[in-house]
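In: Give me coordinates for this.
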Amino acid sequence: MSKNENKSETHIVESKNQSGGITAHTVTVNNFDQVVNALVSQRLTAKIIEIIFVLAAIVAILTFIFDKPWRPKMNENDNKKEIHIVKSENQSGGITAHTVNVNKQRAISHKYQYKKERRGEDFVLQIILNQTQGIWNSGEQFILQVKISGPYKAANFVGGMPMGFQDVRMSGEGDKMNGIFYFSTTTAPLNNESIVLEIVSASDVNVVEVGMSPLANDE
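Out: Numbers count the residues shown, from 1 in each chain. Predicted coordinates for the structure are as follows:
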C-alpha cells in the first residue's frame, strides 16, 4: 500500500449555538434556484406555443366562414333589378302601387273570329268572342245576337261561360229556321277566357251579323 493512501484530508466544521438547518462541509443553494427557473421557463414556452396554435386555428376557421371560397361567385347582373319609384303625397289612405286599375269594366270586343269544321253529316260553325281586362259589373247583362245565312239545328256555349245561367233569355225554335240566335243572362262570363258559341247546322252557313253587350271601346 502507498503511503499517500493512508493520508486523508480532514475538514472540521463547527456549528455553535445552532438550533436547526444543515451543518455540512459544502452546501450549494444557487443550483436549485436555477433548476426551478428553467422548469418554469419551459412550461411558459410550451403554453405560449399552445396559445399561438389555437389562435391560428380560430383565424383560419373565421377566414373560411366569412370569405366563403366554397360559394360560386355571383353574377354582376344578379344585383341589378328594375326599381319603380311611386310617390304618394298627402295620402291618407288607399293603395300606392306601380300600376293600379280602378273600376275598369270588363267588356266584349267587337273583333270576333269564327271557324268551320265538318263533323259527320253536320256542319259546325264556332264564333269566338274576346274579353277585355277588368271587373264585370254586378248585375250586368251579357247579350249575344247572331244572324247566319241559313237555319241551324242547335247552338251552345262550349267555352268562356260557367254552368248554370241566371235570368236567361234565348231564341225559340222559330228563330232557328230563320238563322237567328239570341241569348242574354246576368251571369258573368269567365274571366280571362274567350267566349265560344258553337252552332250546328245541316248545311254550310256563313256569319251575317254578330252583336254583343257590353261592348268594349276598342277599334
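In: Now for the residue nearest to Arg118 when sequence neighbours are not counted, how many residues are close by?
Out: Excluding its sequence neighbours, the residue lying closest to Arg118 (CB to CB, 6 or more residues apart in numbering) is Val124, at 7.3 Å. For the C-beta atoms, the positions are set from N, CA and C on the backbone; glycine is no exception. By other CB atoms under 10 Å, 15 other residues sit near Val124.
In: ok, Val124 touching Val196?
Out: No - the criterion here is CB atoms under 8 Å, and Val124 misses it with Val196 at 11.3 Å.
In: correct me, but Gly179 touches Pro151?
Out: Yes - with contact defined as CB under 8 Å, Gly179 and Pro151 form a contacting pair (5.8 Å).
In: more crowded one of those two?
Out: Between Gly179 and Pro151, counted using other CB under 10 Å, Gly179 has the larger neighbour count: 19 against 15.
In: what separates the more buried one from Gly120, distance-wise?
Out: 21 Å (CB to CB, to the nearest Å).
In: Low-confidence ranges, the protein, go.
Out: 1-36, 38-40, 65-103, 219 (pLDDT under 70).
In: Walk me through the domains of the protein.
Out: With domains defined by automatic domain parsing, the chain comprises 23-73, 113-213.
In: Any chance of those in TSV with distance to Arg106 as columns?
Out: Converted to TSV, the domains of the chain look like this (distance: least, CB to CB, whole Å):
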stretch	distance to Arg106
domain 23-73	47
domain 113-213	4
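In: Out of those, which is the most enclosed?
Out: domain 113-213 (a mean of 15; mean count of other CB atoms under 10 Å).
In: measure it end to end?
Out: 16 Å (CA to CA, to the nearest Å).
In: ok, now which ones touch Ile128?
Out: Ile128 makes contact with 112-115, 194-196 under the criterion CB atoms under 8 Å, 6 or more residues apart in numbering.
In: residue boundaries of the helices in the chain?
Out: 30-67, 173-177 (DSSP state H).
In: List the beta-bridge partners for the residue nearest to Arg118.
Out: Val124 forms beta bridges with Glu117, Val200, as assigned by DSSP bridges.
In: And it, how far from Glu193?
Out: 20 Å.
In: Equivalent analysis for Phe64, please.
Out: 56 Å.
In: and what of Lys147?
Out: Distance from Lys147 to Glu193, by CB to CB: 25 Å.
In: now swap in Gln42 and tell me
Out: In terms of CB to CB, Gln42 sits 89 Å off from Glu193.
In: got it, and Asp218?
Out: Counting by CB to CB, the gap from Asp218 to Glu193 is 18 Å.
In: show me where the protein has strands.
Out: Using DSSP state E, the strands found in the chain span residues 113-119, 122-129, 142-148, 154-159, 169-170, 180-185, 195-201, 207-213.
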